[in-house]
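K.L.:
only geometry, no sequence info:
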């Protein structure tokens, strides 16, 4: 809380013309220094059920998380158990839709880009994938809504999430979390091969090699893809992201285990812009030769994959299953379930935060609690409209991008 050094303080007067905000002298505010690469702070965390039952009470590492969202008044946090403080893990099944009985860490997420809209978009899509797609080849991040207090001060509704790090990847892959050496040798990269953990040289060399492949005419080239890429995983990631129409494909993370024969996989997370705009032509955007989305994220792996008739057929088949499974009715039902969980908390939440409107973040945000409650309802209804209209539009996007006849569309 210290005005000069506290991780939630600014450290001066902000210039709020555009994101990321800077101080008037051009330097970064304190919270931006805290959010990237800064050592965490020691703290204490307690977690309670709504009936008052205490689940956890122990020391922790506590720090900020995010990039764009750091400029939001309500910020996101990461919480990690630390053996030096006594407990190596949080020994409780924090998420009901996971089989894990302990966690190394979790995130308290302010909803990112969706902070000022539905506050559940990412959680809804995660739950749709986990509950309906019978998928055992891709890691999603579990979701649970919570109310947060910092030093006894009410801090509003948050989305508790699993963290995307070596511990959660290790847990998902069935590794021994006590095997520190193996965990530390998992290679984890962001979009654009930014290094989260490990070195990106192997991945970049693979991309150069893949760029030269002709997998539909050369069996050895096709085998190279199968040898280095988890094809099922990549198909699922692209099919899900395209179907939901997530216009922010930069939210992708790749990882590879250090074991012999391990293949590259990707992680599904941060789908705040999924089911956001029914008219977003995701097949075209994801397959541009210049790269995915506005950021032009490298997509050579997937573009080479679907040059192969076999993999292309597998992808379109999977896309058809998702199309038939995640119907408008299914999606709206899940949205209703998730919004019902957080709605009782929103009056207090908006009473806490509505007054801190930032036009650079969202020009439409009201400044009163009652106004924001009404605005929230319009954003939820807007997502329902997208869930209703998008499947019809998506049919056309897929047909155009892949040059399919009506008969082929019906077949898939």
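P.N.:
Noted; the coordinates are in hand. This is a predicted model, so every value here is computed, not measured.
K.L.:
Now do the helices in the protein.
P.N.:
Ranges of helices in the chain, per DSSP state H, are 30-35, 121-132, 166-172, 180-184, 201-211, 219-228, 231-244, 282-286, 300-305, 309-325, 328-353, 369-402, 406-411.
K.L.:
wait, which of the ones you listed is closest to residue 155?
P.N.:
Residue 155 lies closest to helix 328-353 among those, at 7.3 Å (CB to CB). (C-beta placed from N, C-alpha, C; glycine too.)
K.L.:
now the closest one against helix 369-402, angle please.
P.N.:
Here helix 328-353 runs at an angle of 140 degrees relative to helix 369-402 (axes from the mean of the first three to the mean of the last three CA atoms, to 10 degrees).
K.L.:
Residues in contact with the top strand by length along the chain: which ones?
P.N.:
Once the chain is assigned using DSSP state E, the strand that runs over the most residues is strand 54-65. Outside strand 54-65, the residues that touch it by CB atoms under 8 Å, 6 or more residues apart in numbering are 7, 31, 34-35, 38-49, 70, 75-82, 85-87, 90-92, 94, 107, 109.
K.L.:
at 6 Å instead, please
P.N.:
With contacts defined as CB atoms under 6 Å, 6 or more residues apart in numbering, strand 54-65 is touched by 7, 34-35, 40-41, 43-48, 75-76, 78-80, 82, 85-87, 90, 92.
K.L.:
Same check on stretch 228-240?
P.N.:
By CB under 6 Å, 6+ apart, stretch 228-240 touches 129, 135, 137-138, 206, 263-266, 268, 302, 315, 318-319, 322.
K.L.:
out of the residues you listed, which is most surrounded?
P.N.:
Neighbour tally across these (other CB atoms under 10 Å): the maximum, 26 neighbours, falls on residue 268.
K.L.:
Just list whatever residues bridge to it.
P.N.:
Beta bridges link residue 268 to residue 252, judged by DSSP bridges.
K.L.:
and it, what does it touch?
P.N.:
Residue 268 makes contact with 138, 140, 237 under the criterion CB under 6 Å, 6+ apart.
K.L.:
Give me the buried entries from the contacts of strand 54-65.
P.N.:
The neighbour count (16 or more other CB atoms under 10 Å) marks 7, 34-35, 40, 43, 45, 47, 75-76, 78-80, 82, 87, 90 as buried among those.
K.L.:
Any regions of the protein where pLDDT drops low?
P.N.:
Residue ranges of the chain with pLDDT under 70: 34-38, 137.
K.L.:
how long is stretch 180-199 end to end?
P.N.:
Taking CA to CA, to the nearest Å, the first and last residues of stretch 180-199 lie 18 Å apart.
K.L.:
what residues does it touch?
P.N.:
166, 169-170, 175, 200, 203-204, 250, 252-258, 297.
K.L.:
Buried ones in it, by neighbour count?
P.N.:
If you call a residue buried by 16+ other CB under 10 Å, then stretch 180-199 has these buried ones: 182-183, 186-189, 191, 196, 198.
K.L.:
what's the answer for stretch 212-223, then?
P.N.:
Quick answer for stretch 212-223 (16+ other CB under 10 Å): 213, 215-216, 221-222.
K.L.:
likewise stretch 397-408?
P.N.:
Residues of stretch 397-408 classed as buried: 397-399, 401-402, 404 (neighbour count, 16+ other CB under 10 Å).
K.L.:
Could you dump these into TSV with distance to residue 62 added?
P.N.:
Formatted as TSV, the buried residues of stretch 397-408 follow (distance: CB to CB, whole Å):
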residue	distance to residue 62
397	43
398	44
399	50
401	45
402	47
404	51
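K.L.:
Quickly name whichever of the residues you listed is closest to residue 352.
P.N.:
Out of those, the member with the shortest distance to residue 352 (by CB to CB) is residue 397, at 40.1 Å.
K.L.:
That closest one contacts residue 283, correct?
P.N.:
Yes. Assessed by CB atoms under 6 Å, residue 397 is found in contact with residue 283 at 5.0 Å.
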